[in-house]
Each structure stands twice: as structure tokens, then as C-alpha cells.
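*Asks:* can't give you the sequence, but here's the structure:
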């Protein structure tokens, strides 16, 4: 994930949607290494690397993430077709578009 993609996610972050949350989204990008988003009660901390105990781990390409976040790619379709692999609390992945709405 380029720093540009991280900046876009941080700019789109909706603190209201994250109230009361304490979750870690781990991303393993097939073309850009690993990053995680630590969301705690309305705050976002994006880090490079791997978290010790993520709530959900998602494996995909950066293009797949961009498509899901823009609405061009349906997350469930990406999951069913193997473009997105998820482990852990998979239902958390469905909250990404609420936490990072397109403007």
C-alpha cells in the first residue's frame, strides 16, 4: 500500500462510524507488503507491518482494495471469486465502506 493510499484512507475515515470500536484490520497486499489499521473508539492509527493479534486479516491486491473502497468492486463478489481472502472476524470487513465512505 503506498503512502498515498494510506493518506486517502485516513482522509476518508469516519470517526462517528468507529465510536466504541476496538478492532485491528490487517492487510496483506499481494503487490505492496503488509499494513494494519488500528481503530479505537473513533480514532485511526495506520501502520506498516504486521499486528500481533488482528481482529480480521485481509489478503488482496491494492487494486482490489481501491475497487472495494470506490464501490467499483463488490467486496462479497471479490471474496467469492478469490480476489479477497479473509480470516478472523470476517464480518468486520463489511464495515470498511462505512468506516471509510467515499466522499
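*Replies:* Structure's in. What do you need? All values reported here derive from a predicted model rather than from experimental measurement.
*Asks:* give the contact list for residue 43.
*Replies:* For residue 43, the contact set (C-beta atoms under 8 Å, 6 or more residues apart in numbering) comprises 15, 18. No exception for glycine: its C-beta is placed from N, CA and C like everyone else's.
*Asks:* now with 10 Å, please.
*Replies:* Residues in contact with residue 43 (C-beta atoms under 10 Å, 6 or more residues apart in numbering) are 13, 15, 18, 21.
*Asks:* which one of those residues sits closest to residue 65?
*Replies:* Residue 65 lies nearest to residue 13 out of those, by C-beta to C-beta, at 14.7 Å.
*Asks:* which residues touch the closest one?
*Replies:* Shown in contact with residue 13 (C-beta under 10 Å, 6+ apart): 37, 39, 42, 43, 44, 46, 99, 100, 101.
*Asks:* still on that earlier bit, which of the contacts of residue 43 tops the neighbour count?
*Replies:* When neighbours are counted by other C-beta atoms under 10 Å, residue 18 leads these with 20 neighbours.
*Asks:* correct me, but residue 55 touches residue 89?
*Replies:* Yes: in this structure, residue 55 is within contact of residue 89 by C-beta atoms under 10 Å, at 5.0 Å.
*Asks:* who has more neighbours, the two?
*Replies:* Neighbours were counted for residue 55 and for residue 89 using other C-beta under 10 Å; residue 55 has more, 18 against 15.
*Asks:* tell me the pLDDT of that one.
*Replies:* For residue 55, the model assigns a pLDDT of 98.
*Asks:* what's the spacing between it and residue 71?
*Replies:* In this structure, residue 55 and residue 71 are 23 Å apart, going by C-beta to C-beta, to the nearest Å.
*Asks:* low-confidence stretches in this structure?
*Replies:* Where the chain drops to pLDDT under 70, the residues are 1-3, 103.
*Asks:* need the distance between the two termini of stretch 60-79.
*Replies:* Length of stretch 60-79, first residue to last, C-alpha to C-alpha, to the nearest Å: 9 Å.
*Asks:* hmm, who's touching that stretch?
*Replies:* With C-beta under 10 Å, 6+ apart, stretch 60-79 has contacts from 1-2, 5, 8-9, 12, 27-33, 58, 80-86, 90, 93-94, 96-97, 100-102.
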